[in-house]
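In: give me a model of this one.
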Amino acid sequence: MAVLVTRPDEKGKQLVEMLAKAGIAAIHFPLFSIQAGRELNDLPRQLNQLNAGDYVFVVSQNAVTYSAESLKQAGFQWRADLHYFTVGQRTAQVFSSQTEQNIHYPFQQETSEGVLSLSAMKNLHDKTILILRGNGGRAFFAEQASLRGATIQTLECYRREPLVYDPVEQTSMLKRAGITTILATSKEILCLLLDFVPKNEHNWLKSCRLITVSERIQRFAFAMGWEKVDVSPRADNATLCDTLLQFNEF
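Out: Residues are numbered from 1 along each chain as shown. Below you'll find the predicted structure:
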């Protein structure tokens with residue numbers, strides 16, 4: 001088995017190194033890089049405008065990293081009178097270690113749906129929720145929280161910058177490398193991959209086993225024509241590595 005790791009930046013590189021140590025050949029092939037968001041300088045002001053007891057939803061580790069560094073440089077502290085939420089355990093751990101604030105997340109379902117199932121999210125009529133996110137991305141949480149009465153504010157903490165490759169040359173190289181398994185941790189990455197690989201190579205692309213991180217992305221992949229799609233129980237590198245090792249025999 002040779003694995004195509006599409007996770008961007010350092011996380012993707014680290015996962016490739018973990019797989020190599022486990023005896024699995026892997027190629028790092030990010031379709032975009034992560035850069036600082038255009039609205040980061042406005043973060044102190046937006047946090048100051050929130051009322052005590054309001055919510056901050058940090059969507060990912062990238063949002064944690066860039067927002068925490070921005071506040072540090074501005075000499076601003078995370079407010080202790082706000083409630084912080086994220087989708088997963090690993091992001092919560094990173095947030096707590098960098099901010100010394102508690103953060104809530106769903107234990108069973110590390111998705112936006114899981115966050116919305118938390119008891120604190122049932123009645124949001126008196127809440128403002130500041131969403132710290134990247135450019136683009138899924139709007140589901142904001143839409144559902146708004147329907148429950150919340151006032152929604154968003155701030156772009158990071159942005160995805162597309163990387164440029166030659167589609168024909170790169171696809172040929174990946175085929176020659178014997179890629180049989182592809183890791184795609186978001187629907188956006190999967191869409192970019194479909195757009196990048198030439199149409200006449202889609203039979204090869206969809207013959208590869210796909211590993212993703214949610215049933216929502218799995219359903220999308222099935223609809224796009226993949227037949228072998230498996231879901232990792234979590235999106236952190238250690239769990240992804242374990243999931244890929246499970247399929248090393250196939």
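In: counting contacts, what elements does the longest strand along the chain pack onto?
Out: In the chain, assigned by DSSP state E, the strand with the most residues is strand 151-162. Packed against strand 151-162 by the contact rule (3 or more Cβ pairs under 8 Å, 6 or more residues apart in numbering; DSSP states H and E) you find strand 32-36, helix 43-49, helix 61-74, strand 128-134, helix 140-147. Where you see a C-beta, it was placed from the backbone N, CA and C, and this is true even at glycine.
In: nearest to Ser207, of those?
Out: In terms of Cβ to Cβ, the element of these nearest to Ser207 is strand 32-36, at 24.7 Å.
In: quick one, that closest one and strand 128-134 angle?
Out: 130 degrees (axes from the mean of the first three to the mean of the last three Cα atoms, to 10 degrees).
In: tell me the strands beside strand 32-36, with direction?
Out: Here strand 32-36 is paired, per DSSP bridges, with strand 151-162 (antiparallel).
In: how about the longest strand of the chain as PDB, C-alpha atoms only?
Out: Presented in PDB, the C-alpha positions along strand 151-162 are these (Å, rounded to 0.1, in the frame of the first residue of the first chain):
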ATOM      1  CA  THR A 151     -26.400  36.100  16.900                       C
ATOM      2  CA  ILE A 152     -23.600  34.900  14.700                       C
ATOM      3  CA  GLN A 153     -20.300  36.700  14.200                       C
ATOM      4  CA  THR A 154     -17.400  35.100  12.200                       C
ATOM      5  CA  LEU A 155     -13.700  36.000  12.000                       C
ATOM      6  CA  GLU A 156     -11.200  34.600   9.400                       C
ATOM      7  CA  CYS A 157      -8.300  33.500  11.500                       C
ATOM      8  CA  TYR A 158      -6.600  31.600   8.700                       C
ATOM      9  CA  ARG A 159      -7.000  31.100   4.900                       C
ATOM     10  CA  ARG A 160      -6.300  28.400   2.500                       C
ATOM     11  CA  GLU A 161      -4.000  29.300  -0.400                       C
ATOM     12  CA  PRO A 162      -4.100  27.000  -3.400                       C
END
